[in-house]
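Undergrad: Here's a sequence, model it:
(chains A and B)
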2 protein chains.
Amino acid sequence: MSQALRAGKFTTNDESLIKEILDKVGCAIKGFSLDQIPPEMGKVIYEEIKNITGVADPYKNIKEANIQESLGLYPELKKLVRGSKNPLLTAIRIAIAGNVMDLGVNKTFDIKKDLKQILQQDFAIFDFEKFVAKLNKADSVLYLGDNAGESVFDKILIEELGKPVTFVVREIPIINDVTYEDAIASGLHEVAEIISSGSTAPAILLNLCNADFLNRFNQAEFIISKGQGNFEGLSDSYRPIFFLLKAKCPVIAKELCVKENEIILKSIN
Amino acid sequence: MSQALRAGKFTTNDESLIKEILDKVGCAIKGFSLDQIPPEMGKVIYEEIKNITGVADPYKNIKEANIQESLGLYPELKKLVRGSKNPLLTAIRIAIAGNVMDLGVNKTFDIKKDLKQILQQDFAIFDFEKFVAKLNKADSVLYLGDNAGESVFDKILIEELGKPVTFVVREIPIINDVTYEDAIASGLHEVAEIISSGSTAPAILLNLCNADFLNRFNQAEFIISKGQGNFEGLSDSYRPIFFLLKAKCPVIAKELCVKENEIILKSIN
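TA: Residues are numbered from 1 along each chain as shown, chains lettered A, B, ... in the order given. The predicted structure follows:
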């Protein structure tokens, strides 16, 4: 409800429309069971906002600004990666730092501050050795994107992977998640094939994904999943996935047995 | 929704019951118009909690503890009033300080800290001269109570009024609002007649009040109304009311054109 109110206020100044969003989302709560995950609710919230206000992409301008800001940081970050002892690990840290650009969790963020911190921060879960070993054996990488702006930081990591990469975006604009258009604006077409998962939720929810994505997902040898939403959607998957994220809320932190704000490189399967 | 969740968690550990409370309250939102006031929603929340959990008075133990803590402060506060240059004004400040004991707004509070501050704080609205002038002419006072614990501080003010006082309580337990039983435990029967307004909301909502209260309210020459809930319920009234409150939330502060946490002695009519 708090996110519905915040997103509603962001999208329109018309109080009666905001009230209508809260009415609809409030009533939708009873349709959700306690074992459903936040991105499923997020989908409902943003669908209602679209239906009620007619605005399909409320964060369009913010996404564009975040991508521009990230592109501005790109040359400096590339230098940092090239000059570091372990370029791959530095690129992973940068990709995780980019994950702070999440308007589903944060009202505001300071990417420069987060970058500085995460470049030095210890990992709470650190399956880096396994990451390197599996990457070396893989023919290609399926990279599940999360937010716009963060996508520029993903490009930096992709450039260090040394493998053909498929970068996966959301089917439609939802919160500030990365779409096909955002991925192009981030320059990802220069380093990866870009496909849509088909998911209209702020996460990869497999029941919403298209056949092409499911096919690639089921055959992929090496999958990188960015962010909380994708982790919530895929943490029970039987596929070999490396989750890169910052634990930005108490629920995720608890599930991972880490503290809030800790950074994670977690392997499953 | 945030209050429903907080009160639900306070009342039961059973997640499925808490979910049921949120389902019902979420759906009730569409039944409320934007010009309805928070105590009307509060009524629905606590009715649902009662229906779903079977607990009619979740804050019973907290209310008793707050009353005991306030009774423990009573002798010291009486000394303070007697030793002050303006005992009536000091008693008014003490009665306002007691209004911090509001579990509808606050999760926790520190009455000693608030007392210390409010005894020195400037009033943002200060109709004290009118208060004194009207009080001198009045034959009796109708005193609309707010919370349990605060009720002991109300006793201190009542003792300085020098007029016969009727102290008005809620009809049933709702949040930590003062009931007949709480008023007796606070010693108010020693200094006032105690009656119920009939309101089952956490405020005097006239459409919920009983005939006896409405009769007294409509004839009263001098009315003291404590707290935000009663202010919300009665700010449009045509009766002569002195509102004593601390502006504890942004909505109330905005309506009164004051800053949050400012203290108010406001006369209407």
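Undergrad: Now do the contacts for whichever residue of the stretch 51-200 of chain A sits closest to chain B.
TA: Nearest residue of the stretch 51-200 of chain A to chain B (CB to the nearest CB) works out as residue A:52 at 12.7 Å. All C-beta atoms are positioned from the backbone trio N, CA, C, and that covers glycine. By CB atoms under 8 Å, 6 or more residues apart in numbering or on different chains, the residues touching residue A:52 are A:17, A:20-21, A:24.
Undergrad: if you skip the residues just before and after it, what's nearest to it?
TA: residue A:20 (5.0 Å; CB to CB, 6 or more residues apart in numbering or on different chains).
Undergrad: Surely the one you found is in a strand?
TA: No - under DSSP: H, G, I helix; E, B strand; the rest coil, residue A:20 sits outside any strand and is assigned helix.
Undergrad: How about the secondary structure of the nearest residue to residue A:188 once chain neighbours are set aside?
TA: Using CB to CB, 6+ apart and skipping the chain neighbours, the partner closest in space to residue A:188 is residue A:167 (5.1 Å). Assigned with three-state DSSP, residue A:167 falls in the strand class.
Undergrad: For residue A:167, report the pLDDT, please.
TA: With respect to pLDDT, residue A:167 has a value of 98.
Undergrad: wait, doesn't it sit right on residue A:196?
TA: No - Residue A:167 lies out of contact with residue A:196 (CB atoms under 8 Å); the separation is 10.4 Å.
Undergrad: so how far is residue A:142 from the closest residue to residue A:139 other than its chain neighbours?
TA: Excluding the flanking residues, the one nearest residue A:139 by CB to CB, 6+ apart is residue A:221, at 6.6 Å. Per CB to CB, to the nearest Å, residue A:221 is found 9 Å from residue A:142.
Undergrad: same question, residue A:208
TA: From residue A:208 to residue A:142 the distance is 17 Å (CB to CB).
Undergrad: neighbouring contacts of stretch A:199-212?
TA: Counting by CB under 8 Å, 6+ apart, A:37, A:39-40, A:42-43, A:46-47, A:104, A:144, A:168, A:170-172, A:174-175, A:177, A:195-198, A:214, A:217, A:225, A:229-230, A:232-234, A:237 sit against stretch A:199-212.
Undergrad: which residue sits closest to the residue of the stretch 101-250 of chain A found nearest chain B, ignoring its sequence neighbours?
TA: Per CB to the nearest CB, residue A:250 is where the stretch 101-250 of chain A lies closest to chain B, at 13.7 Å. Leaving aside its sequence neighbours, residue A:250 sits nearest to residue A:260 (CB to CB, 6+ apart; 5.9 Å).
Undergrad: did I read that right, the one you found in a helix?
TA: No - looking at residue A:260 with three-state DSSP, it is coil, so not inside a helix.
Undergrad: Could you pull up the residues touching it?
TA: A:247-250, A:253.
Undergrad: quick revisit: my read: the residue nearest to residue A:139 touches residue A:136, true?
TA: No - applying CB under 8 Å as the test, residue A:221 and residue A:136 come out as separate, 11.2 Å apart.
Undergrad: quick one: which of the two has more around it?
TA: Comparing residue A:221 with residue A:136 by other CB atoms under 10 Å in any protein chain shown, the one with more neighbours is residue A:221, at 15 against 10.
Undergrad: Secondary structure element for the more buried one, which one?
TA: Assigned by DSSP states H and E, residue A:221 falls within no helix or strand.
Undergrad: Residues in contact with the lowest-mean-pLDDT helix or strand in chain A: which ones?
TA: Least confident helix or strand, chain A: helix A:111-118 with a mean of 86, by mean pLDDT, DSSP states H and E. Helix A:111-118 is contacted by residues A:66, A:69-70, A:73, A:77, A:93-94, A:96-98, A:100-101, A:149, A:246, A:263 when judged by CB under 8 Å, 6+ apart.
Undergrad: Repeat that for stretch A:38-45.
TA: So stretch A:38-45 is contacted by A:3-4, A:7, A:21, A:25, A:28, A:32, A:104, A:174-175, A:200-203, A:205, A:229, A:232-233, A:251 (CB under 8 Å, 6+ apart).
Undergrad: Now intersect the contacts of residue A:260 with the helices, please.
TA: Counting by DSSP state H, the contacts of residue A:260 place A:250, A:253 in helices.
Undergrad: Can you select the buried ones from the contacts of residue A:260 in PyMOL?
TA: A single PyMOL command is used to select the members of those judged buried by 16 or more other CB atoms under 10 Å in any protein chain shown:
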select buried, chain A and resi 247+248+253
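Undergrad: Looking at the contacts of residue A:260, which is nearest residue B:110?
TA: residue A:250 (25.0 Å; CB to CB).
Undergrad: any idea of the pLDDT on the residue nearest in space to the middle of chain A?
TA: Nearest to the geometric centre of chain A sits residue A:146, at 1.9 Å (CA atoms, centre = their mean). At residue A:146, the predicted lDDT confidence score is 96.
Undergrad: buried ones in stretch A:115-130?
TA: For stretch A:115-130, the neighbour count (16+ other CB under 10 Å) marks A:115, A:118, A:121, A:123-127 as buried.
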